[in-house]
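J.: Provided below for reference: sequence and predicted model.
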Amino acid sequence: MADYNEKPFESELCAHLAAHGWLYSPTDHEPGAEYDRERAIIPGDVLGWLQDTQPEEFARSVKVGTSQEPAATSALLDRLCKVLDTPPEQGGGTLNVLRRGFKHVSSSFRMCQFKPATSLNPTTLADYAKVRVRVMRQVHFSTKDNRSLDLVLFVNGLPVATLELKTDFTQSVAEAIDQYKKARLPKDPGGHVQPLLGFGNRALVHFAVSNEEVWMTTRLAGDKTHFLPFNAGDGHGGKGNAPNPRGSATSYLWEKVLERDAWLTILGKFCHVETRQSRDPISGAVSKSTTLLFPRYHQWEAVTAMVAHAREHGPGQKYLIQHSAGSGKTNSIAWTAHRLARLFDEHDHKVFDTVIVVTDRTVLDDQLQVAVRQIDSADTGTSSGEGIITTVDEVEARKSGSKSQALAQALTGGKLIVVVTLQTFPFAMEAIAENKGLAGRTFAVIADEAHSSQSGATAGKIRTILSATERADLDDGGEVSVEDELAAEMTARATTPNVSFFAFTATPKAKTLELFGTPDADGIPRPFHTYTMKQAIEEEFILDVLRGYQTYDTAFQIARNVAAQGSQPDEEYDSPVEQAVEDMLVDKAAATKGLMRWVKLHPTNISQKCAIIVEHFRENVAHLLDGHAKAMVVTDSRKAAVRYKTQIDAYIAKRGYTGLGTLVAFSGSVEDTETGPGQFTESSMNPTKVGSQIASAFSGPEYKVLLVANKFQTGFDQPLLTAMYVDKRLSGVLAVQTLSRLNRTYRTPSGVRKDVTFVLDFVNDPEEIRKSFEPYYTDARLETTTDPNVVHDISAKLDQGAVFTEAQVDACVAAWVGRAGNNALAATIKPARDEFAKRYTDAVRRDDTAEIEALDQFRKDVGTFVRLYDFMSQVVDYADTQLEKRAIFLRLLERYIRPTTVTAEIDVSDVVLKKIKHTAGETQDIGLGSGAGLRGVVAAGSGKAPDPVLVAFQAVIDRLNDLFGAEFSRSQVEGFVDTLGAVLLENEALVEQARVNSRVQFLESPDLSDAVVDAVFANQHSHNAIADYIASGHADSQRVIAEIGAMLHAAVVSALPTSGTPAAAPPWSARLAELEALPAGWLDGEGAPIGRASLHAARALLAALSEFHVVLPRIYPTPTGGVQLEWHGPSPRVEVTLVDHVQEIFVLHPDGTEDTVRQSEPYATARVVAELLGGKS
């Protein structure tokens, strides 16, 4: 027969198995190994196994050599088949019988002996050697006709797998799959049952095999049969298999997977039956389904490799498993946990006393319990496997009195697997390090990448290993991951030789790679095992979210409110001195950043984006998935989320749209006077019935859009999520994790597949997004590792700063190690702190830009040294106590030399947004290839502060207009606003309202709208188009009126009196001038000059307080360069301390209790003070 036909392929596969411990039957009717079609077993192997391993039990049921033998044998086989025919979820089926055996009359039979964990029991070793694994060719499975399967695999006479083989010379694997679907039915169309093919009752898995690919299924169901790829990957991160120079690309199936020990391990320690209750996200119907889980190839390979390595090398190792979304990490973690919990080395010593699983996903906890209960019965022979796993969460902690006590009980109580939450994990590490009862014990820590909200000490440690952007997100209610927590614990503690770490993540950061990666031949850290995003997409386990990516370009015009500069021309205004003051110099970068932030939060900007989002959703998304598709709006701050929620709801209501319910998610409370009074929270902005259950509410049909701020961007699984609207700067891991919320596959009850996603991005550059995805598309790797010498370089650079001495370092360390107390420790830091403060103060007074830059860089270098040394000391043994001393000293010094902003906060109160337009970019498919890897730290402390290019504030506005506003007519809009402003300023009643009301109150005045419309009609002849636009009642006309009203209010409160004499200075201005003139050392030789930023904040706060009619406070300087305001009323006493831009409110209540509140916005602080003192808002 030609070599390219199917039969030689079968022969070669069987020959390999026969040469490696398998029994081989070339036909299904060999004497002693005949296949019984009706029973779908090999009776000779069943009886032979029972007689070889359990002769006494067998003799009870079958009297060999007597006339009753045939009938007794038949009764025993019938009993076995009855148990096999029982549904798996009811304790029957092949898997349960192999693990637990079966009972017949007074006998209990074992049907398999899986490989024992140790060699201590010779009997179990002998029984394992007697296990009969058989491959049989051309098995005639049908009890009705003569159809046959190419190959069937048996264990002790019980069928466990079938194989249909196709050679790619003549047919593909698709034909094998089709053959299973069309001609391999558990029940024929006429109702005839085929026992070999029933779900879980005989064969557990069915393989479609060709020279190129392997696919599998555990349930045959005709055309509804769902096959999964069982391929190893093409070697370049993609689907399929790599070429094999020694033969077929699929030879791993028979050479590795079907290797005798490996195959029996899969049956004994991987396969399990899972019954799950799920709710359909569309219909809401709750259904129960039973699945037989057989590992995908990458799952089996990863778990097997980790277990083998841990067995050989013992504890103290680190493993990074980079498995993409869609890889089945939950099951991989469950399998890993159980294998490690029962792992012994070659000397029969237990490798790990306890396995700790860190996760916040209850589904993992549940699945772990189910898997361990079933799998452990194969090891112990029990029916439950109970007692080896426990969970330590908030509930258990309360029962035990504390988390530490609950963990101590779990870790010392003999539990093999302990599941802990992210919040509990640090206490577990503390117990391992400090609990004497755990001395000498070994642990495996398995970390799931699921994310959790930050809390307490956990967040405090994690801040040390996060980037500045990540720390900012954390401060705004963001989330942290188990990966970050694990890295923080590793950085905070010395290497733990009794603990091995197993980190599962789809998107490892560079620091994670360095901490947990396995060095390759070139010393570059790589994941221990990888299942790529590319392979997951190509195998259709997840969707490619970068297809259909679209950007929106923003065009806007900002103009300074002319009225705020004084609407009346004046000769003095045009003088050079006055012009210089008015056109104040500001830091260009700071001004640009301030204006951009202001524009992003501007109601007009957000309102236009809301219109784009709603209309895009209605036009392109709402009809998908049978009308059940959902969307997420990603905002960059909690305040932005509040404004988006308010305006998107208003837009939907105004247009009468239905079926577009929205929810918002953010942490804590937000105060936003632009949106409304009081505090905004999730609960206050969402419907009452939603409460805190946002995720479950969003899964219902009522809500279609979820607006988020640092929530639900990671670890959130909603398969109906089809579109994402992004108004937040994303890069790196966060970009991948956020956009990947869309990648879940789904099929509706009617059969419609989710096969398209939308991303509309208002902020990011497609190329930057592509670069963010690139490292994780195939595998994460470090192009460069962190250079350990960078620590020495920064240390030397810090010496050049001459801020501290070695003697000061030694004194500090002596106080620290000797626990000399807080005062003694502070005294050792004071000389360096004072030196830094003195030089900085002098530099500011002299306007010495170079010195200010050098000191700012010194402060940054201190932080860089501390974080880099903490990290690198876990990777490199520096053997240098002086570096460790410096780390202790500089870690303390860093707290005393906080950033000082030299330039004042950019005041955008007199800036108005004149017009804004968003233009749709082209829909793009961002191609991903083998791009650059992640980069470690190769240089640090080498940067310098950027030169503050001082430019006129007006010039910054002009530059932004030139950059973004090319499509707008500047003269047309400016002329209209100028004319309209002049008319409105002649309306005395309106001007008086503006004078005596706050801006928010003024904008709510009904007279404002009437006055604007009247002014429009009065000037319609000169500005026809814009006048018609407002007078027509256009949807956005109210927003235009509000903008004009804000401009008018600013003009009134800052306008010059008609007499031409200067307006009276505020009563507090003289006192602030006195503070501003204070020299260094004003307080008995100490006391820093009052900072410009502190004075600016004080002026802004005092101005805001005047709107609330609050009595004037006493005003004092603080020794640290701040300003303190005090109210010594009878009830209560209030103090506000302003240092730079931080505003801390201290309250002493009449009952002696104290409160401290921090704010960053003057208006918010003023509102709090007014409420405390009874002022009017």
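T.: Here it is on my side, so go on.
J.: ok, which stretches of the stretch 501-650 of the chain are strands?
T.: 518-519, 525-526, 529-531, 549-560, 585-587, 630-635 (DSSP state E, counting those that start in this stretch).
J.: Least reliable of those strands by average pLDDT, please.
T.: Mean pLDDT is lowest for strand 585-587 among the strands of the stretch 501-650 of the chain, at a mean of 57.
J.: Not counting residues beside it along the chain, what's closest to residue 1116?
T.: residue 1124 (4.7 Å; Cβ to Cβ, 6 or more residues apart in numbering). Any C-beta I mention is one placed from the backbone N, CA and C, and that applies to glycine too.
J.: any idea how far that neighbour lies from residue 1156?
T.: Separation of residue 1124 from residue 1156 (Cβ to Cβ, to the nearest Å): 14 Å.
J.: More neighbours: the two, which one.
T.: For the pair residue 1124 and residue 1156, the greater number of neighbours falls to residue 1124 (19 against 10), based on other Cβ atoms under 10 Å.
J.: Remind me which helix or strand the more buried one belongs to.
T.: Using DSSP states H and E, residue 1124 falls within strand 1123-1127.
J.: Quick one: mean pLDDT for that strand?
T.: Mean per-residue pLDDT for strand 1123-1127: 87.
J.: Work out for me the element residue 860 sits within.
T.: Using DSSP H and E, residue 860 sits within helix 849-872.
J.: how distant is that helix from the center of its chain?
T.: From the chain centre to the centre of helix 849-872 is a distance of 29 Å (Cα atoms, centre = their mean, to the nearest Å).
J.: List the buried residues in it.
T.: 852-872 (16 or more other Cβ atoms under 10 Å).
J.: Could you pull up the mean pLDDT of it?
T.: On average, helix 849-872 scores 82.
J.: Does anything pack onto it? Which helices or strands?
T.: helix 482-492, helix 510-516, helix 790-800, helix 822-846, helix 881-896 (3 or more Cβ pairs under 8 Å, 6 or more residues apart in numbering; DSSP states H and E).
J.: for the shortest one, packing partners?
T.: What that stands for is helix 510-516. strand 318-323, helix 482-492, strand 499-505, strand 525-526, strand 782-784, helix 849-872, strand 934-935.
J.: Quick one: mean pLDDT for it?
T.: Here the average pLDDT along helix 510-516 is 83.
J.: Over to stretch 656-670?
T.: The pLDDT scores in stretch 656-670 average 91.
J.: Tell me, how many residues neighbour residue 78?
T.: 11.
J.: meant to ask about residue 181
T.: Residue 181 is flanked by 19 other residues according to other Cβ under 10 Å.
J.: now it, nearest residue through space, not along the chain?
T.: residue 225 (5.0 Å).
J.: Let me know whether that neighbour touches residue 218 as I believe.
T.: No: counting by Cβ atoms under 8 Å, residue 225 does not reach residue 218; the two are 10.0 Å apart.
J.: From the contact counts, what lies against the helix or strand containing residue 664?
T.: In the assignment (DSSP H and E), residue 664 maps to strand 661-665. Judged by 3+ Cβ pairs under 8 Å, 6+ apart, the packing partners of strand 661-665 are helix 638-654, helix 682-685, helix 694-698, strand 703-708.
J.: Counting by contacts, list what the second one packs against.
T.: For helix 682-685, the elements it packs on are helix 638-654, strand 661-665, judged by 3+ Cβ pairs under 8 Å, 6+ apart.
J.: The shortest one pairs with which strands?
T.: Taking DSSP bridges as the criterion, strand 661-665 pairs within the sheet with strand 703-708 (parallel).
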